[in-house]
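A.B. asks: what follows is a predicted protein model with its sequence.
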Amino acid sequence: MSEVRIRAASPKDADAVAEVFIASFGTLTFLPKLHTDEETADFITNTVMAEQEVSVAEVGDAIVGFVATSHGDHLEHLYVHPDHQGRGIGSALLERAKARMPGGFRLWVFQANAGARRFYERHGLKVVKLTDGSANEEKTQDALYEWLPGGPS
């Protein structure tokens, strides 16, 4: 595999970021499909790219993952294309988030997403709250994770 490069996203990256999101979200078969791919691409372009700080992971010339943070202390999205998972790309993106939010941050994960939960726990994040999912769009049980500096990385 080529070397992974992490860089700030630009507006021209929106389509590739949307492709990663759609492919990754599509593997979460426990979730209902609430939006068309077109609606999701619009959300990525007009909300994520416009309102959040987005960094992308590139292998060669292809965007294979991204992380989006909000202003403050929340990691909004971290996705790696399914064809590129298990290669350290998610870890590199998470380290980018830790560097951007050195005081710590929180993020939500669906409880049924066992792979993501293992990933975040390996990287020193701790569960601070479990919910019944009534507050999320998918109405699916989720978990609030937190990373604080000084813990394991």
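C.D. replies: Yep, it's here.

A.B. asks: helices along this structure, start to end?
C.D. replies: Assigned by DSSP state H, the helices in the chain fall at 14-25, 37-43, 49-51, 89-100, 114-122.

A.B. asks: for the residue minimising distance to the centre of the chain, what are its contacts?
C.D. replies: When Cα atoms, centre = their mean is applied to the chain, the residue found nearest the centroid is Leu78 (1.2 Å). When contacts are counted by Cβ atoms under 8 Å, 6 or more residues apart in numbering, Leu78 touches 65-68, 90, 93-94, 97, 107. No exception for glycine: its C-beta is placed from N, CA and C like everyone else's.

A.B. asks: ok so, going back, need the helices of the chain in TSV with mean pLDDT and mean neighbour count, can you?
C.D. replies: Shown next, in TSV, are those (pLDDT from 0 to 100; neighbours: other Cβ atoms under 10 Å):
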stretch	mean pLDDT	mean neighbour count
helix 14-25	97	19
helix 37-43	97	14
helix 49-51	96	14
helix 89-100	96	18
helix 114-122	96	15
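
A.B. asks: for the chain, which segments count as strands?
C.D. replies: 4-8, 53-59, 62-69, 75-80, 105-110, 126-131, 142-147 (DSSP state E).

A.B. asks: list the helices and strands the longest one packs on?
C.D. replies: When you say that, I think you mean strand 62-69. helix 14-25, strand 53-59, strand 75-80, helix 89-100 (3 or more Cβ pairs under 8 Å, 6 or more residues apart in numbering; DSSP states H and E).

A.B. asks: in JSON lines, list the strands of the chain along with distance to Thr29.
C.D. replies: Converted to JSON lines, the strands of the chain look like this (distance: least, Cβ to Cβ, whole Å):
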{"stretch": "strand 4-8", "distance to Thr29": "27"}
{"stretch": "strand 53-59", "distance to Thr29": "24"}
{"stretch": "strand 62-69", "distance to Thr29": "20"}
{"stretch": "strand 75-80", "distance to Thr29": "16"}
{"stretch": "strand 105-110", "distance to Thr29": "11"}
{"stretch": "strand 126-131", "distance to Thr29": "21"}
{"stretch": "strand 142-147", "distance to Thr29": "16"}
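
A.B. asks: nearest to Glu39, of those strands?
C.D. replies: strand 75-80 (15.8 Å; Cβ to Cβ).
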